[in-house]
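Novice: okay, here's the prediction I keep looking at, along with the sequence it came from:
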Amino acid sequence: MVKTWIVFVVMTVASWGLYGVFLHKGQLSMADAVHGRYKAFLFVGLAYLLVAVIGSAVMLMVNGAEWSFTEKGVSWSFLAGVVGAIGAFGVLLAFGAKGRPAVVMSIVFAGAPIVNAIVATLSHPPEGGWGAIRWQFVLGILLAAAGGCLVTFFKPGS
């Protein structure tokens, strides 16, 4: 039987895999070479409002959640939203600087797991200390970095 969280992971992989391509198409479809990326990002923000704010509010109401929030939880969650928005904005700026979705998003999705693995490991050190980190973990980071480099150096049309 498939674990529920795997379904959500696949949903996220599919959504984020399409994100860069759709965002690039939105930018180009604005038919505004100077401001098209900002116009596209405006609608990304609107979509976040609809999905994240309204969707979360509906889920909280439907599930009868309390409407109390801790300062620390709000701060970290807001910071997560800020870094996510900065990342999305960076993708748009990369497209505006002539980066193509196949390359830009491949580098993002190769590099982001490296940053995540390092920061998460520093934030939550493994039981048994740093010596408990297995070689396969380090190899995975190196392979992700190598994949990002290969996509950059051997992009389609190069």
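Specialist: Nice, I can see it.

Novice: for this protein, identify the residue most remote from the centre.
Specialist: Residue farthest from the centre of the chain, counting by Cα atoms, centre = their mean, is Gly128 at 30.4 Å.

Novice: assign it to helix, strand or coil.
Specialist: Of the three states, Gly128 takes coil under DSSP: H, G, I helix; E, B strand; the rest coil.

Novice: separation between it and Val2?
Specialist: Separation of Gly128 from Val2 (Cβ to Cβ, to the nearest Å): 31 Å. (Glycine included, C-beta is placed from N, CA and C.)

Novice: mean confidence score for stretch 70-82?
Specialist: The average pLDDT within stretch 70-82 is 94.

Novice: so how far is it off the chain centroid?
Specialist: Put simply, stretch 70-82 sits 17 Å off its chain's centre (Cα atoms, centre = their mean, to the nearest Å).

Novice: same deal with stretch 118-128?
Specialist: Distance, centroid of stretch 118-128 to centroid of chain: 21 Å (Cα atoms, centre = their mean).

Novice: sounds good, over and out.
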